[in-house]
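Asker: below are the sequence and a predicted model; questions follow.
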Amino acid sequence: MTQSTFDVFSLWKEIYNKTESAWHDAIQETLEKKSFAESLGQIQSQYVQFQELVNKMTESYLKQTNIPSRDEIANVASLIIDVDSKIDQLEDEIDEKEERLVKEMDALKKSVSSLEKKLDKVIELLNKSIESIADSNATVAATANKTVSK
C-alpha cells in the first residue's frame with residue numbers, strides 16, 4: 001500500500017505566495033494614486049486641527065479650574081533648576097572662601113605667635129636694661145653717698 005502524504009506547509013506556502021503578490025499589487029496601485037495621497041493629506045490636516053482644538057480646550061479648562069498647564073509647570077521647573085544651580089555655585093564660592101580664610105587665619109596665627117615671641121624678648125631686654133640702669137643708679141648713689149660722707 002502506498003501512502004500519499006499531504007504536505008500542509010507547502011500548501012500554506014503556495015497560498016501565501018499567491019495572495020502576497022496579489023495584495024502587494026493592489027496596495028502598490030492604491031499607494032501610487034494621487035487621490036490616496038490627497039486623502040491622506042486631508043486626514044492629517046484634520047488630525048492637526050483636532051489636536052489644536054483639544055489643546056485649546058484643555059488649556060481653557062485648566063485656566064478655569066486654576067490648574068497649571070504643562071508649560072507653566074515646565075517654566076517653574078526651569079526656574080527651580082536655575083535657582084538650584086545658583087545655590088550650588090554660591091556653595092562652591094563659600095567653600096573656596098572658607099578654605100582661603102582658614103589658610104589666612106593660620107598664617108595670621110603664626111605671625112601673631114612670632115610677634116609674641118619677639119615682644120617677649122623685647123620686654124625681657126627692657127627689664128634687663130631697667131635692672132641694669134637701676135643697679136647703675138644704685139652704684140652711683142652709693143658712690144656719691146660714700147664720697148659725700150667722707
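Answerer: Yep, that arrived.
Asker: if I look at the residue nearest the centre of the chain, how far off is residue 92?
Answerer: With distances taken as C-alpha atoms, centre = their mean, residue 85 lies nearest the centre of the chain, 5.0 Å away. Applying C-beta to C-beta, to the nearest Å, the value for residue 85 to residue 92 is 11 Å. C-beta: built from backbone N, CA, C; applies to glycine.
Asker: now do residue 147
Answerer: Using C-beta to C-beta, residue 147 is found at 81 Å from residue 92.
Asker: measure residue 58 to residue 78 for me?
Answerer: For residue 58, the distance to residue 78 - C-beta to C-beta - is 21 Å.
Asker: correction: residue 62
Answerer: 19 Å.
Asker: ok, the two, which is more surrounded?
Answerer: Counted by other C-beta atoms under 10 Å, residue 62 and residue 78 do not tie: residue 62 has more neighbours, with 14 against 10.
Asker: helix or strand for that one, which one?
Answerer: Residue 62 is part of helix 34-64 when elements are defined by DSSP states H and E.
Asker: just the buried residues of that helix, please?
Answerer: Neighbour counts over helix 34-64 (16 or more other C-beta atoms under 10 Å) mark no residue as buried.
Asker: distance between the lengthiest helix in the chain and the chain's centre?
Answerer: Taking DSSP state H as the criterion, the chain has its longest helix at helix 70-149. Chain-centre distance of helix 70-149: 38 Å, with C-alpha atoms, centre = their mean, to the nearest Å.
Asker: between it and helix 34-64, how many degrees?
Answerer: 50 degrees (axes from the mean of the first three to the mean of the last three C-alpha atoms, to 10 degrees).
Asker: what is helix 70-149 packed up against?
Answerer: The contact analysis (3 or more C-beta pairs under 8 Å, 6 or more residues apart in numbering; DSSP states H and E) places helix 70-149 against no helix or strand.
Asker: count the residues that sit near residue 97.
Answerer: Per other C-beta under 10 Å, the neighbour tally for residue 97 reads 10.
Asker: tell me the pLDDT of it.
Answerer: Note on residue 97: pLDDT of 96.
Asker: cool, residue 121 as well?
Answerer: 93.
Asker: do the same with residue 51
Answerer: Confidence score, pLDDT, at residue 51: 97.
Asker: roughly how far does it sit from residue 57?
Answerer: Counting by C-beta to C-beta - residue 51 and residue 57 are separated by 11 Å.
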